[in-house]
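>>> Structure, please.
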Amino acid sequence: TMTTISSILILPSMLFVLLAAAPADWLVTTSGDRIETRGPWRIEGGRVVFELPNRSLSSIRTSELDLEASRLATESAKRPIAQTATTPATPAIGTEEPKAALVLTSDNIAAAPAPATATSADRPDEPTPRTLRVAEWQEDTRPGDDGLRFRGRIVNDAETFAATLGLEVTLIDRAGRVLAVGSAVLGAPSLPIGESCPFEVAFPGQFAYDRVDFELAARPLLERAPGRDEVPATAPVEPPPSSDPEPIGAGQ
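Next up is the predicted model:
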């Protein structure tokens, strides 16, 4: 029948494909040359008989071949096919798990830059506060003095008149303990705006210190004239009632 004829024609074709896909064997000569054989080779007497890829029969003396190297070369040529046979089947389309195209970790993500903070260089210069201050001072040592003596100058940089002026000076040691406290003698009892005066203070029996603290005291007085906005508002003055007699007949 037609089916039998088709089977007969297909079987030789499949056999040809299998034979073409069969792995080749190899012979390795003692000089390192490789000879490809069609199918396995065999030893007959002192010669190795084999078939060349063009199906012609050939042979070579065993003394010219390295049989162990030939065996390893043949096994190496067959190994990829064996590995292919054990490779798991490819999963059907749509069943494999999706793979991430890009994986980001903390190692390849740059840290966000810290927000810029304003520094003293970025800010405009702030005006120095105007106040009553000790502008300068120094230790005054004289021969025969029985202790420490300090001289200096006070300046009124404030915007008010400094009345009832006073200055207290404190000597402190390295540990922060108070050694002595003295009231300075001032060159003036008060200071107008922008003026200065000298001061002097003595510490009898005291010869050592680590730092000096100054504490100024004064009663500020307003020295400038009040501005227009500072004048208190006054209620409008109403005119006094008229004392003239009412004309006769004005009310009729």
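
>>> rest of the way, CA atoms for contacts and neighbours
OK.

>>> Could you point out the helix or strand that follows the strand or helix carrying T164?
Using DSSP states H and E, T164 falls within strand 161-172. Proceeding N to C from strand 161-172, the next assigned helix or strand is strand 178-183, under DSSP H and E.

>>> Run me through the strand neighbours of that next one, direction for each.
strand 161-172 (antiparallel) (DSSP bridges).

>>> what comes up buried for the strand it pairs with?
For strand 161-172, a neighbour-count test (16 or more other CA atoms under 10 Å) marks F161, A162, A163, L165, G166, L167, V169, T170, L171, I172 as buried.

>>> out of those residues, who's nearest R61?
Closest approach to R61 among the buried residues of strand 161-172 (CA to CA): I172, at 113.1 Å.

>>> Quantify the burial of V134 by counting its neighbouring residues.
For V134, the tally of surrounding residues (other CA atoms under 10 Å) stands at 19.

>>> Quick check: it touching I154?
Yes - applying CA atoms under 8 Å, one finds V134 in contact with I154, separated by 4.5 Å.

>>> returning to what we had before: residues contacting the strand holding T164, please?
Identification of contacts with strand 161-172 by CA atoms under 8 Å, 6 or more residues apart in numbering yields 132, 156, 178-186, 188-193, 201, 209-223.

>>> Just the buried residues out of those, in ChimeraX syntax.
This is how ChimeraX selects the buried members of the contacts of strand 161-172, with burial counted by 16+ other CA under 10 Å:
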select :132,156,181,183,184,185,186,190,191,192,193,201,209,214,218,220
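
>>> Filter the contacts of strand 161-172 down to the ones in strands?
Applying DSSP state E to the contacts of strand 161-172, the entries found in strands are 132, 156, 178-183, 185-186, 201, 211-221.

>>> At which residues are the helices of this structure located?
2-21, 67-86 (DSSP state H).

>>> ok, of the ones you listed, where does mean pLDDT dip lowest?
Mean pLDDT is lowest for helix 2-21 out of the helices of the chain, coming in at a mean of 46.

>>> what bits of the stretch 1-150 of the chain have low per-residue confidence?
The stretch 1-150 of the chain contains residues with pLDDT under 70 at 1-23, 80-129, 143-144.

>>> One more pass at 80, please.
Along the stretch 1-150 of the chain, the parts satisfying pLDDT under 80 run over 1-24, 77-130, 141-145.

>>> Beta-bridge partners for V201, please?
Counting by DSSP bridges, V201 forms beta bridges with F150.

>>> For it, report the pLDDT, please.
94.

>>> Might one say that it is in contact with F150?
Yes - V201 lies in contact with F150 (CA under 8 Å); the separation is 5.4 Å.

>>> give me the number of residues near the closest residue to L186 other than its chain neighbours?
Of all residues not flanking L186 in the chain, F199 sits nearest, at 4.4 Å (CA to CA, 6 or more residues apart in numbering). F199 has 20 neighbours, counted by other CA under 10 Å.

>>> so how far is V155 from F199?
11 Å (CA to CA, to the nearest Å).

>>> go on, L148?
According to CA to CA, L148 and V155 sit 23 Å apart.

>>> Likewise for A24?
Distance of A24 to V155, given as CA to CA: 111 Å.

>>> A77 too?
104 Å.

>>> And those two? Which one has more around it.
Neighbours were counted for A77 and for V155 using other CA under 10 Å; V155 has more, 19 against 14.

>>> The more buried one touches G194, doesn't it?
Yes - between V155 and G194 there is a contact under CA under 8 Å: 6.8 Å.

>>> Next up, the contacts around the closest residue to A202 other than its chain neighbours.
In space, and not counting its chain neighbours, A202 is closest to R149: 4.3 Å by CA to CA, 6+ apart. R149 is in contact with E139, D140, T141, E200, V201, A202, F203, counting by CA under 8 Å, 6+ apart.
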